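Colleague: sequence and predicted structure are below.
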Amino acid sequence: MVNYLVFPGITDQEEEIEALVELIENTGVHFIHMKNLNIDPEHYFRKMPGNGSEKVGMKKTVSVLKETLPDIRLGYFNQPVADSRKMAR
């Protein structure tokens with residue numbers, strides 16, 4: 001299993017997808033556990049330089065992974081945010 005932090009605009013770039021596919025093919029991983037990076041997008045894009053690779057969107061990213069790696073299983077799990085109304089009591 002690979003825990004893969006996803007961030008639209010970064011992990012859906014063609015070069016990033018190609019690198020992930022290569023990693024999976026070289027290691028024999030059977031499960032990609034996708035998790036939201038949960039970071040302020042403006043802050044992240046200010047700090048991280050772009051590489052100019054084409055962005056294809058997360059839906060297309062998942063489609064490419066399933067087509068290219070037919071035996072791979074994908075999962076996604078993030079803890080829900082606590083209900084602020086309950087916390088205020």
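Modeller: Received it, and whenever you're ready, just let me know what you need.

Colleague: looking at the protein, which helix or strand is least sure?
Modeller: helix 84-87 (a mean of 53; mean pLDDT, DSSP states H and E).

Colleague: quick one: the helices in the protein, in order.
Modeller: Shown for the chain, the helices assigned by DSSP state H span residues 14-27, 41-47, 58-68, 84-87.

Colleague: for F7, find the nearest of those helices.
Modeller: Across these, the minimum distance to F7, taken as C-beta to C-beta, is reached by helix 41-47, at 6.7 Å. All C-beta atoms are positioned from the backbone trio N, CA, C, and that covers glycine.

Colleague: average model confidence for the closest one?
Modeller: Taken as a whole, helix 41-47 has a mean pLDDT of 87.

Colleague: got a list of contacts for that helix?
Modeller: Outside helix 41-47, the residues within contact range by C-beta atoms under 8 Å, 6 or more residues apart in numbering are F7, G9, I10, L37.

Colleague: how does it look with 10 Å?
Modeller: Helix 41-47 is touched from outside by F7, P8, G9, I10, L37, I39, D40, with contacts defined as C-beta atoms under 10 Å, 6 or more residues apart in numbering.

Colleague: no more questions from me, cheers.
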